[in-house]
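S.K.: Give me coordinates for this.
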Amino acid sequence: MAEARCPASCGELIQGWILGGEKLISCPVNWFSTVSVADGVPGHCERPRMRQMLRAVLAYFDQPADSARGLHISFESTIPVAKGLASSTADIAATALATARHLGETLDEATLAGLCVALEPTDSTLFQRLTLFDHQTAATQISYDWQPSIDILLLESPETLNTEDYHRRHRQTALRASAASLAQAWQLFTQAAEHHDYALLGQSTTLSAEASQHLLVKPDFSALLELVEDLDLYGLNVAHSGSVVGLLLDRQRHDVEQLYWQLHQRNISRNYPSQHLLTMVPGGVR
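M.R.: You can find the predicted model right below:
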């Protein structure tokens with residue numbers, strides 16, 4: 001048996017029209033999908049695309065296609081699905097590496113990215129470093145040598161959204177219209193990574209979130225911006241193809257209990273009834 005796990009993403013730090021196409025930088029957090037591959041009969045509880053990925057990895061290593069019939073996939077996941085938390089990327093990336101390990105092989109990040117985007121649009125959580133990524137072609141992979149030490153209060157809406165359905169929408173006009181904002185957001189992010197500056201990071205993510213409102217509206221967005229300002233949080237980020245919002249903070253510096261109270265007092269909690277205090281973690285499949 002071989003095992004691998006991949007983190008969730010609290011939406012994206014930035015996403016939009018950058019370098020001539022849509023790119024993103026995921027926001028890995030400490031929720032995980034853990035996948036095991038072992039000899040045995042295939043079960044009935046696999047997540048979508050896990051079996052497809054297993055077959056793709058077998059083909060990559062020139063293994064007989066019918067050997068898939070003798071491999072069993074099992075998994076555990078703490079990641080809510082259809083919320084913009086990269087649950088599917090975590091599932092298939094962990095499946096890929098677990099399959100490779102079961103075969104006595106391994107996969108580098110570039111190969112893993114190529115295998116994943118061949119199945120579906122993929123988050124950059126599969127990279128150890130924060131990475132600007134073309135999530136549909138894997139053609140762009142620009143990594144940053146900074147791992148922010150930051151907490152995120154993830155606001156979970158009951159609303160769900162299938163990522164593949166979202167990507168089938170005609171979004172290019174709106175994406176291009178926000179290109180100047182995303183260029184600024186990317187520049188701010190690059191400066192934040194260079195100087196390890198959390199204020200610049202928050203400015204970057206908030207600017208990208210504001211641009212995303214033209215594509216996928218988040219309830220109470222103006223109230224959330226006011227809350228960030230009033231409590232001097234670093235900023236906020238959103239799932240650009242999902243329903244969650246993240247509030248960027250430092251639990252040692254910011255009053256988390258006051259934040260919870262303010263979310264209730266301002267009636268923001270009605271649209272985000274589930275709230276989770278998480279930590280940003282390095283990406284990559286373990």
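S.K.: and the end-to-end length of stretch 43-51?
M.R.: 10 Å (CA to CA, to the nearest Å).
S.K.: quick check: longest strand of the protein.
M.R.: strand 21-39 (DSSP state E).
S.K.: got the angle for the next helix or strand after that one vs strand 21-39?
M.R.: Scanning forward in sequence from strand 21-39 by DSSP states H and E, the next helix or strand is helix 50-60. Between helix 50-60 and strand 21-39, the angle comes out at 90 degrees (axes from the mean of the first three to the mean of the last three CA atoms, to 10 degrees).
S.K.: contacting residues around helix 50-60?
M.R.: 35, 37, 42, 64-65, 67-68, 71, 73, 75, 91-92, 95-96, 99-100, 103, 107, 111, 115-116, 118-119 (CB atoms under 8 Å, 6 or more residues apart in numbering). From N, CA and C alone the C-beta is placed, and that goes for glycine too.
S.K.: Listing partners with orientation, what would you give for whatever helix or strand comes next after it?
M.R.: Sequence order places strand 71-77 as the next helix or strand after helix 50-60, per DSSP H and E. Strands that pair with strand 71-77, judged by DSSP bridges, come out as strand 21-39 (antiparallel).
S.K.: pLDDT on the partner strand, on average?
M.R.: The pLDDT scores in strand 21-39 average 98.
S.K.: now that strand, how far from the centre of its chain.
M.R.: Remark: strand 21-39 is offset 7 Å from the chain centroid, using CA atoms, centre = their mean, to the nearest Å.
S.K.: What would it look like as PDB? C-alpha coordinates only.
M.R.: Only the C-alpha atoms of strand 21-39 are listed here, as PDB (Å, rounded to 0.1, in the frame of the first residue of the first chain):
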ATOM      1  CA  GLY A  21      -4.700  34.500 -20.000                       C
ATOM      2  CA  GLU A  22      -6.400  33.400 -16.800                       C
ATOM      3  CA  LYS A  23      -3.900  32.400 -14.000                       C
ATOM      4  CA  LEU A  24      -4.200  31.900 -10.300                       C
ATOM      5  CA  ILE A  25      -2.200  31.500  -7.100                       C
ATOM      6  CA  SER A  26      -3.800  29.100  -4.700                       C
ATOM      7  CA  CYS A  27      -3.900  29.600  -0.900                       C
ATOM      8  CA  PRO A  28      -3.000  26.200   0.800                       C
ATOM      9  CA  VAL A  29      -4.500  25.600   4.200                       C
ATOM     10  CA  ASN A  30      -4.400  22.800   6.800                       C
ATOM     11  CA  TRP A  31      -7.200  20.700   5.500                       C
ATOM     12  CA  PHE A  32      -6.200  17.600   3.500                       C
ATOM     13  CA  SER A  33      -7.300  14.800   1.200                       C
ATOM     14  CA  THR A  34      -5.400  11.600   2.000                       C
ATOM     15  CA  VAL A  35      -5.500   8.800  -0.600                       C
ATOM     16  CA  SER A  36      -4.200   5.200  -0.400                       C
ATOM     17  CA  VAL A  37      -3.600   2.800  -3.300                       C
ATOM     18  CA  ALA A  38      -3.200  -0.900  -2.600                       C
ATOM     19  CA  ASP A  39      -3.600  -4.200  -4.300                       C
END
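S.K.: list the buried ones in that strand?
M.R.: For strand 21-39, the neighbour count (16 or more other CB atoms under 10 Å) marks 22-29, 31-37 as buried.
S.K.: Return the member of the residues you listed nearest to L153.
M.R.: Set against L153, the nearest of the buried residues of strand 21-39 by CB to CB is V29 (10.9 Å).
S.K.: In contact with the closest residue in space to the closest one that isn't next to it in sequence: list those residues for me.
M.R.: Excluding its sequence neighbours, the residue lying closest to V29 (CB to CB, 6 or more residues apart in numbering) is L278, at 4.3 Å. The neighbourhood of L278, defined by CB under 8 Å, 6+ apart, consists of C10, V29, N30, W31, D151, I152, L153, L154.
S.K.: what is the second one paired to in the beta sheet?
M.R.: The bridge-partner assignment for V29, based on DSSP bridges, gives A8, M280.
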